[in-house]
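> When you get a sec, could you give me coordinates for this:
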Amino acid sequence: MGLQAFIQRFFLKEPQDAAARPAGLNSSKIHSPSGERSTPWRCGVTRLDEQYEILFRLVKQFQALIKAGADTVGMDAALKTLEVHLEGHLALEEAYLEHIEFPGLANHRNLHQTFRHQLQLFQQRIASGDRSAGLELSQVLYAWIKVHVLKEDPLWGEHAKARRRRKALADIS
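Predicted structure coming up:
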């Protein structure tokens, strides 16, 4: 799927009717079964969830800079902050997937690498003065987080839960 199709499908054309929206795509706050408020952007690993919250904040700050008409230098600085945070997050997530012996780790790493490459391309466009690149990047970042956390992370999340259950059963025996 091309970048434009990705943006169109996962960011710009979400169903307006909440009933038609796939489970978990409501970005408003929801109540967890325990009654506490949480967001649907949770993978279940506290440190990674904290990083997602920071990443959302950084994306919003980046979007605010774009709306304010920030120059290339300001956008480049914000993008570098995003990149540093994102790189730390991806490295931690990959280390966690190694720890839980996730069988899909190679594919997950490939997804991360593809995204890193996309970010580099956007950085080049922004550095060259392409003003539309910042807005496009903010949309891609937001869409990528949604897809990654709501579609990709549950794959390894189920593996981690099953692994914990097997370990608990082995400890009982």
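> so where's the longest helix in the protein?
helix 72-99 (DSSP state H).
> What are the buried residues along the next helix or strand after that helix?
Sequence order places helix 105-127 as the next helix or strand after helix 72-99, per DSSP states H and E. Applying a neighbour-count criterion of 16 or more other Cβ atoms under 10 Å, one finds 105, 108, 112, 115, 118, 119, 122, 123, 125, 126 buried in helix 105-127. For glycine as for every other residue, the C-beta is placed from the backbone atoms N, C-alpha and C.
> Can you tell me which of these is closest to residue 89?
residue 112 (9.5 Å; Cβ to Cβ).
> For that closest one, give its distance to residue 134.
To residue 134, residue 112 is 22 Å away according to Cβ to Cβ, to the nearest Å.
> Go ahead and flag the most central residue of this structure.
Nearest residue to the geometric centre of the chain (Cα atoms, centre = their mean): residue 145, 2.3 Å.
> Is that one in contact with residue 56, as I believe?
Yes - Residue 145 is within contact range of residue 56, at 7.0 Å (criterion: Cβ atoms under 8 Å).
> Once you drop chain neighbours, what's closest to residue 83?
Distance criterion Cβ to Cβ, 6 or more residues apart in numbering; nearest residue to residue 83, sequence neighbours excluded, is residue 119 at 6.1 Å.
> How about the contacts made by that neighbour?
79, 83, 86, 137 (Cβ atoms under 8 Å, 6 or more residues apart in numbering).
> wait, isn't the third one in contact with residue 55?
Which is residue 86. Yes - the criterion here is Cβ under 8 Å, and residue 86 meets it with residue 55 at 6.6 Å.
> Thought residue 92 was touching residue 47, still the case?
Yes - because the distance of 6.5 Å satisfies Cβ under 8 Å, residue 47 is recorded as touching residue 92.
> could you measure the closest residue to residue 88 other than its chain neighbours against residue 70, distance?
In space, and not counting its chain neighbours, residue 88 is closest to residue 51: 7.2 Å by Cβ to Cβ, 6+ apart. Using Cβ to Cβ, one gets 24 Å for the distance from residue 51 to residue 70.
> I'd like the buried residues of helix 105-127 as TSV, with pLDDT appended.
Putting the buried residues of helix 105-127 into TSV (pLDDT from 0 to 100) gives the following:
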residue	pLDDT
105	93
108	91
112	92
115	91
118	91
119	89
122	89
123	86
125	91
126	84
